[in-house]
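A.B. asks: Quick one: sequence and predicted model below, then my questions.
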2 protein chains.
Amino acid sequence: MARAGLTAERVTEAAADLADAVGFENMTVSALARSFGVKDASLYSHVRNLQDLRERVALLAAGELADHIGAAVAGRAGKDAMTAFANAYRDYALAHPGRYAATQAVQPDPAVLAGSTAYIRTIELTHAMLRAYRLVEPDLTDAGRLLRSAFHGYITLEVNGGFRHSRDVQRSWERGLDGLHILLENWPADPSRHAAEQ
Amino acid sequence: MARAGLTAERVTEAAADLADAVGFENMTVSALARSFGVKDASLYSHVRNLQDLRERVALLAAGELADHIGAAVAGRAGKDAMTAFANAYRDYALAHPGRYAATQAVQPDPAVLAGSTAYIRTIELTHAMLRAYRLVEPDLTDAGRLLRSAFHGYITLEVNGGFRHSRDVQRSWERGLDGLHILLENWPADPSRHAAEQ
DNA sequence: GCAACTACTTAATGACTCTAGGAAGCATGG
DNA sequence: CCATGCTTCCTAGAGTCATTAAGTAGTTGC
């Protein structure tokens, strides 16, 4: 009985690669076992179940994404940082569609989430990037949500073939970033805030 | 052998309801058959396969969504139309998560798409709404893509629990719409266009 | 060189998709 | 009233997948 040398980490890595290759929803325990040349049941020594495997892939990907963005925005500020952030985000998602899908499709349970900084780091990077636009809470959160939504929505639509018009997607994206920069520079004052400002 | 009186339409409707109830990815042929009190195989007289069923649900939902938005924006213009559009979009998605997921998860093949106006209508409504902001091509397409991305991204993140901060999501959404309005009013001129303007 | 642990196996169950072939309901024309 | 034929639904069965239980064969610690 030859041993394949599996570990939870190696299984997770392979699962992530498989997801990138065949799509996150086609990343099955069976296919993964096949890629290792072992039986399905063997994987259950390393991973609790499919849900657990997906969570692991999601955390792996969220960490990689945060690293990628972090490296891109380092030493930049303002529009420079914003576009670097956006392009890093999009590049990662397009290069690793299965991994990216994992970060979105899986909502890890709070306990797992608390033990990992992967998800939180991206949000922190967003806030850091937005501070150059002189936004303060709650505008920071609101603008951050809108930005993440725009990035995520754009990529999802792009990957799923939502942009059928002939207009070049890359050029469209760049123009969208120009627009978002303008938006951040002109972020409207909250009409419902009077006393709160210091 | 009592007949259940199934038709493709009735099956599609029930599938859409089931998707809303249990989630799009849990909308199975088996569960659907069970809800009708018939055997799995019986459904294959009305629907080619699971993929076909999903496409039908997607087209149904896309049509409903377009109707809903169309009714909301009728007789409105400018910011009024934009927020009506956005709120109709979000309301539908939140009220019918399974149907909405279908519109995103399924990319119907081009032949099916050509035979239906469901998807195209939403894009046309977007363009109509944007014309009040005096945008012309290709800005119309670029701004439209950014808007759809922002709406879609926001809703996806909201539904998947992506907004974990304590800040009220509804208020955040409204502020995001304020921001998008400002953005559309200040849509930047394309620096790469010189000769093209008349 | 034995005990304990771990990695991987076989075997089985139950959910699911889908096909083939058959029978029972329902309409039509004689 | 009945034969014809279409449609609706059935039974039966194959193949994929997730998951568990129980066992066996490497590997490690003493």
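C.D. replies: Done, it's in. Numbers count the residues shown, from 1 in each chain, chains lettered A, B, ... in the order given.
A.B. asks: gap between residue A:21 and DNA strand D?
C.D. replies: Using C-beta to the nearest atom of the strand, to the nearest Å, residue A:21 is found at 14 Å from DNA strand D. From N, CA and C alone the C-beta is placed, and that goes for glycine too.
A.B. asks: Which residue is the nearest non-sequential neighbour of that residue?
C.D. replies: residue A:98 (7.0 Å; C-beta to C-beta, 6 or more residues apart in numbering or on different chains).
A.B. asks: Tell me how many other residues crowd that neighbour.
C.D. replies: 22 (other C-beta atoms under 10 Å in any protein chain shown).
A.B. asks: who's in contact with the closest residue to chain B within chain A?
C.D. replies: Closest to chain B within chain A is residue A:153: 2.7 Å, counting by C-beta to the nearest C-beta. Counting by C-beta atoms under 8 Å, 6 or more residues apart in numbering or on different chains, residue A:153 touches B:148-154, B:156.
A.B. asks: Closest one to DNA strand C out of those residues, please.
C.D. replies: DNA strand C lies nearest to residue B:156 out of the contacts of residue A:153, by C-beta to the nearest atom of the strand, at 23.2 Å.
A.B. asks: Phi, psi for the nearest residue to residue A:8 once chain neighbours are set aside please.
C.D. replies: Nearest non-adjacent residue to residue A:8, counting by C-beta to C-beta, 6+ apart: residue A:46, 4.7 Å away. The phi/psi pair for residue A:46 (degrees, to the nearest 10) reads phi -110, psi -20.
A.B. asks: Give me the number of neighbouring residues for residue A:46.
C.D. replies: Residue A:46: 16 neighbours (other C-beta under 10 Å).
A.B. asks: before we move on, the earlier item: specify which member of the contacts of residue A:153 is nearest to residue A:115.
C.D. replies: Closest to residue A:115 out of the contacts of residue A:153 is residue B:156 (25.0 Å), distances taken as C-beta to C-beta.
A.B. asks: From residue A:7, how far out is that closest one?
C.D. replies: Residue B:156 is 33 Å from residue A:7, where distance means C-beta to C-beta, to the nearest Å.
A.B. asks: In three-state terms, label residue A:187 for me.
C.D. replies: coil (DSSP: H, G, I helix; E, B strand; the rest coil).
A.B. asks: And it, how far from residue A:143?
C.D. replies: In terms of C-beta to C-beta, residue A:187 sits 6 Å off from residue A:143.
A.B. asks: any shared contact partners between the two?
C.D. replies: A:133, A:135, B:179.
A.B. asks: Return the closest of those with respect to residue B:104.
C.D. replies: Checking the shared contacts of residue A:187 and residue A:143 against residue B:104 by C-beta to C-beta gives residue B:179 as the nearest, at 23.3 Å.
A.B. asks: what's around that closest one, how many residues?
C.D. replies: Neighbour tally, residue B:179, other C-beta under 10 Å: 22.
A.B. asks: How about the contacts made by it?
C.D. replies: Counting by C-beta under 8 Å, 6+ apart, residue B:179 touches A:142-143, A:146, A:183, A:187-188.
A.B. asks: are any of the residues you listed buried, and which?
C.D. replies: Buried by 16 or more other C-beta atoms under 10 Å in any protein chain shown: A:142-143, A:146, A:183, A:187, out of these.
A.B. asks: Could you identify the most distant pair in the residues you listed?
C.D. replies: The distance between the two most remote of those (C-beta to C-beta) is 11.5 Å, for A:142 and A:183.
A.B. asks: Report the buried residues of the lengthiest helix in chain A.
C.D. replies: Ranked by residue count under DSSP state H, the longest helix found in chain A is helix A:50-73. Buried residues in helix A:50-73, counted by 16+ other C-beta under 10 Å: A:52-66, A:68-70, A:72-73.
A.B. asks: Show me what it is packed up against.
C.D. replies: Where contact means 3 or more C-beta pairs under 8 Å, 6 or more residues apart in numbering or on different chains; DSSP states H and E, helix A:50-73 is packed against helix A:8-22, helix A:29-36, helix A:78-95, helix A:97-105, helix A:118-131.
A.B. asks: go with 6 Å
C.D. replies: Applying 3 or more C-beta pairs under 6 Å, 6 or more residues apart in numbering or on different chains; DSSP states H and E, we find helix A:50-73 packed against helix A:8-22, helix A:78-95, helix A:97-105, helix A:118-131.
A.B. asks: can you pull the buried residues of the first one?
C.D. replies: Okay, so that is helix A:8-22. Those would be A:11-12, A:14-20, for helix A:8-22 by 16+ other C-beta under 10 Å.
A.B. asks: nearest to DNA strand C, of the residues you listed?
C.D. replies: The closest of those, once distances to DNA strand C are taken by C-beta to the nearest atom of the strand, is residue A:11, at 8.6 Å.
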